[in-house]
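Engineer: What shape does this take:
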Amino acid sequence: MTTKVFGHKAPDTDSTGSPIIWAWYLNEVKGIAAEPVLLGEPNTEAAFVLKHWDLPKPAIIESVAEGEKVVIVDTNNPAELPEGINKADITAIIDHHKLVGGLETKGPIDITIRPLACTATIMHDLIGDALAKAPRGIKGAMLSCILSDTLEFRSPTTTAHDKAVCEALAADLGVSMNELATAMFEAKSDVSAFSDAALLRMDSKEYNVDGTELRVSVLETTAPKLILDRKDNLMASMVDVAKEDGADQVLLFVIDILKEEATLLVPNDLVKKIAEASFGCTVSGDSVVLPGVMSRKKQIIPALKV
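Structural biologist: Next up, the predicted model:
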């Protein structure tokens with residue numbers, strides 16, 4: 001039986017590249033038949049990375065069959081995985097997020113969760129010396145994943161090890177990290193083709209905070225004006241997105257990669273209350289700038305209060 005390897009819904013670069021990396025490892029090093037798959041269309045940055053490194057886009061799936069062997073990467077949250085995931089045969093989890101709970105397995109499995117900025121960094125360590133025989137595209141995907149998740153080392157989630165792995169991969173590949181990251185961020189910033197609802201779901205995770213169901217969306221960009229110019233339409237769309245997705249509220253943080261700050265849209269009194277309670281700010285309009293806030297995992301989620 002072929003093992004399916006996948007990350008979370010609304011795949012970013014790490015949840016697109018890491019399944020490809022790990023499926024290569026299982027197939028070519030461990031001798032285990034594996035296939036990388038996605039749980040949705042990759043975002044514009046991830047699509048750029050696939051094209052840049054000449055990697056085929058994995059198939060998109062909506063569900064997994066009962067008893068089907070799967071490896072979960074870049075998440076351990078059942079809300080970000082296909083319905084029926086607990087009926088599948090989960091054989092491994094590789095992640096860098098906090099342990100959420102709720103997944104069930106058919107027996108003991110390999111679980112690796114480490115406090116690093118990127119799943120691909122963990123995979124680099126797990127693969128070890130075998131990475132030397134990996135094709136250029138696999139190493140390129142690994143480098144791209146880490147540059148993406150660290151925002152080229154601007155994110156507070158970045159560790160010295162993430163940076164060292166990036167530097168070694170870039171040297172091996174003979175590429176400029178800055179040039180690659182710049183091209184990736186430009187691709188990520190081009191959101192003109194996406195509807196307001198699609199933007200709200202593009203890089204979004206579900207969390208329950210003090211009994212309130214929140215969809216916490218992050219858009220990382222070097223051109224925040226392109227998104228903020230759509231502020232009114234985005235806030236209007238939050239109502240339908242929340243209703244359709246079973247959330248009480250959508251929170252949208254627009255991350256300015258270059259200025260290293262976030263702008264939170266404030267469509268109503270609930271979000272105003274959340275913003276002021278969580279970030280110690282004063283909200284006087286329909287948005288608030290949060291200096292230094294770059295990471296949903298490290299700075300936004302742990303701070304949220306309702």
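Engineer: When you work out contacts or count neighbours from here on, use the C-alpha atoms and nothing else.
Structural biologist: Noted.
Engineer: for the stretch 101-250 of the chain, what spans make up the strands?
Structural biologist: 110-113, 204-209, 212-221, 249-256 (DSSP state E, counting those that start in this stretch).
Engineer: list the helices and strands the shortest one packs on?
Structural biologist: Strand 110-113 sits against strand 89-95, with contacts defined as 3 or more C-alpha pairs under 8 Å, 6 or more residues apart in numbering; DSSP states H and E.
Engineer: what comes up buried for stretch 56-73?
Structural biologist: Lys57, Pro58, Val64, Glu68, Lys69, Val70, Val71, Ile72, Val73 (16 or more other C-alpha atoms under 10 Å).
Engineer: wait, the last one sits on Ile90?
Structural biologist: No: taking C-alpha atoms under 8 Å as the contact criterion, Val73 and Ile90 are not neighbours in contact, 11.0 Å apart.
Engineer: if we can go back for a sec, make a markdown table from the buried residues of stretch 56-73 and add pLDDT and secondary structure to it.
Structural biologist: A markdown table is the format used below for the buried residues of stretch 56-73 (pLDDT from 0 to 100; DSSP: H, G, I helix; E, B strand; the rest coil):
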| residue | pLDDT | secondary structure |
| --- | --- | --- |
| Lys57 | 98 | coil |
| Pro58 | 98 | coil |
| Val64 | 96 | coil |
| Glu68 | 97 | coil |
| Lys69 | 97 | strand |
| Val70 | 98 | strand |
| Val71 | 98 | strand |
| Ile72 | 98 | strand |
| Val73 | 98 | strand |
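Engineer: As JSON lines, those residues with distance to Asp95 would be great.
Structural biologist: What follows is the buried residues of stretch 56-73, written out as JSON lines (distance: C-alpha to C-alpha, whole Å):
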{"residue": "Lys57", "distance to Asp95": "21"}
{"residue": "Pro58", "distance to Asp95": "20"}
{"residue": "Val64", "distance to Asp95": "20"}
{"residue": "Glu68", "distance to Asp95": "20"}
{"residue": "Lys69", "distance to Asp95": "18"}
{"residue": "Val70", "distance to Asp95": "14"}
{"residue": "Val71", "distance to Asp95": "11"}
{"residue": "Ile72", "distance to Asp95": "8"}
{"residue": "Val73", "distance to Asp95": "6"}
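Engineer: Pro42 is in contact with Thr16, correct?
Structural biologist: Yes: counting by C-alpha under 8 Å, Thr16 touches Pro42, with 6.7 Å between them.
Engineer: out of these two, which sits in the more crowded spot?
Structural biologist: Thr16 (32 against 25; other C-alpha atoms under 10 Å).
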